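*Asks:* The sequence and its predicted three-dimensional model are supplied below.
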Amino acid sequence: MLYTPDLNTILKHRYQLVQSLPSGNFTHNYLVKDQKNNHHYVLKLLSLREAKEWKNIELLKREAGILKHLNHPAIPAYVDFFHEKTSDNSYYCLVQSQVEGKTLAEWVKQGRHFSEPETLNIALALTDILEYLHQLSPPIIHRDIKPANVLLDEQGKVSLIDFGAVRDKILHDEDKTLGIGDGSTIIGTYGYMPYEQFKGKAIPASDVYSLGATLAYLLSHTDPADMKSVDMQLCFEPYINVSPALVQVLKKMLQVNWKKRYLAVNPLKQHLLRIQQGKKSSRLQLPNLPHWLGHAILSISVILALYFFFEHEEELPPWIPMVKFYSMQRIFYSMILNIMRQLNPSP
Ligand SMILES: Nc1ncnc2c1ncn2[C@@H]1O[C@H](COP(=O)(O)OP(=O)(O)O)[C@@H](O)[C@H]1O
Ligand SMILES: [Mg+2]
């Protein structure tokens, strides 16, 4: 039995429920129309008769409090928070601005495949948002970054939603009294949640892990929870087909041990930017050759070059020996460099 208001109900004498939206574990989401200004908003509703635990109300209140203090173009704006009593129930409601677009989960379910440049754009937009959240004082850790909590519109604009799992340091002591974060309640989503969060610890590097898992899902269409893992380390490589540089970045984001991850978002952003710029600046896009073929082509070119230099030495003008010496040096250096790059493709 659902204890939720019917569509078209008007709450607080102004918010008319227009449409149901996908809903989480303990709340119901609606698109609402504000009778005062005709604007559309998103309303997250908690029905007291359904709320199994008191702390669910606290979580919604906390989400409202957090949203109120945030100010970023890629995060929905806080509009209202209220409590409405009816004859047989009581609702707690958070109202926020409506963001255009579909969630990444919806895009993937519709069969959309994201190219590496598109994925890089999404990753960079999310690192911008995370940089903003993590530099706040105290830092805000989102704790539930996943495809269902990221919206993407037709123009490629990315937004982050759902601040219900957020932790900040101020609330840390309160968490303990609520039984949140002391190990008794795990907040986050299986597959996207790093190991330390299972143990109640959330740090900026935890959001880095969840972002990595989200990108792995975008590129593979496979839920990280369904991917193979060894000693809790996610083996995402066989499921995706991207440049070695991006694989290296994802590997670092998805380390089980948070100390081996990017500890802050900025170095991650710099690496992503370098991959993006590298892709834009390379005018000639060569196909991704297997390593052995790259080595073979390189070796044959060097042998041919040497052959021509030595076979036709007498026919060459006198200034050639100097050029020859210089060219040999260049060939040698670029050969070593190429081999090193192929062996260690880190960005
Ligand atoms: N600000 C928003 N703008 C547009 N759609 C939203 C917004 N907030 C939530 N939604 C929609 O509602 C769904 C659930 O919202 P979310 O905040 O993730 O709630 P839950 O806590 O129930 O997971 C989202 O997947 C999205 O489809
Ligand atoms: Mg959600």
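*Replies:* In hand now; what should we look at? Ligands and ions are numbered 1, 2, ... in the order given.
*Asks:* how about the closest residue to ligand 1 within the chain, what does it touch?
*Replies:* Residue of the chain nearest ligand 1, by Cβ to the nearest ligand atom: G24 (2.4 Å). From N, CA and C alone the C-beta is placed, and that goes for glycine too. With contact set as Cβ atoms under 8 Å, 6 or more residues apart in numbering, G24 has these partners: 162, 164.
*Asks:* With I161 instead?
*Replies:* 75-76, 99, 149-151.
*Asks:* Now do it, the pLDDT please.
*Replies:* I161 carries a pLDDT score of 96 in this model.
*Asks:* so who does L11 touch?
*Replies:* Per Cβ under 8 Å, 6+ apart, neighbours of L11: 5, 17, 32, 43, 82, 84, 91, 93.
*Asks:* so which of the contacts of I161 comes closest to Y217?
*Replies:* Y217 lies nearest to V150 out of the contacts of I161, by Cβ to Cβ, at 10.5 Å.
*Asks:* Leaving out chain neighbours, which residue sits closest to that closest one?
*Replies:* L104 (4.8 Å; Cβ to Cβ, 6 or more residues apart in numbering).
*Asks:* Tell me if I'm right that that neighbour and S159 touch.
*Replies:* No - using Cβ atoms under 8 Å, L104 is not in contact with S159; the gap is 10.8 Å.
*Asks:* any common contacting residues for these two?
*Replies:* 150-152.
*Asks:* Rounded mean pLDDT for stretch 237-251, please.
*Replies:* 97.
*Asks:* Also stretch 275-282?
*Replies:* Mean predicted lDDT for stretch 275-282 stands at 77.
*Asks:* And the pLDDT for the residue of the chain closest to ligand 1?
*Replies:* 76.
*Asks:* What residues does the residue in the chain that ligand 2 sits nearest to make contact with?
*Replies:* Using Cβ to the ion, the single residue of the chain nearest to ligand 2 is D162, 3.7 Å away. When contacts are counted by Cβ under 8 Å, 6+ apart, D162 touches 24, 63, 144, 148-149.
*Asks:* Would you point out the most distant pair within those?
*Replies:* Pairwise over the contacts of D162, using Cβ to Cβ, the maximum falls at E63 and A148, 15.5 Å.
*Asks:* Specify which residue of the two has the higher count of neighbours.
*Replies:* More crowded of E63 and A148, by other Cβ atoms under 10 Å: E63, with 21 against 18.
*Asks:* Tell me who's in contact with the more buried one.
*Replies:* 44, 94, 162-164, 166.
*Asks:* how close does it sit to L124?
*Replies:* Distance, E63 to L124, by Cβ to Cβ, to the nearest Å: 26 Å.
*Asks:* same check, this time on A64
*Replies:* Separation of A64 from L124 (Cβ to Cβ): 29 Å.
*Asks:* just L60 next, same as before
*Replies:* Counting by Cβ to Cβ, the gap from L60 to L124 is 31 Å.
*Asks:* coming back round to it: so which of the shared contacts of L104 and S159 sit within strands?
*Replies:* 150-152 (DSSP state E).
*Asks:* Domain-wise, how is the protein divided?
*Replies:* 10-97, 102-281, 291-343 (automatic domain parsing).
*Asks:* Ligand 2 contacts on the stretch 51-200 of the chain?
*Replies:* The stretch 51-200 of the chain has residues 149, 162 near ligand 2, with proximity defined as Cβ under 5 Å from the ion.
*Asks:* Where does pLDDT dip in the stretch 51-200 of the chain?
*Replies:* 167-188 (pLDDT under 70).
*Asks:* Can you show me the strands along it?
*Replies:* 78-85, 90-97, 102-103, 140-141, 150-152, 158-160, 167-168 (DSSP state E, counting those that start in this stretch).
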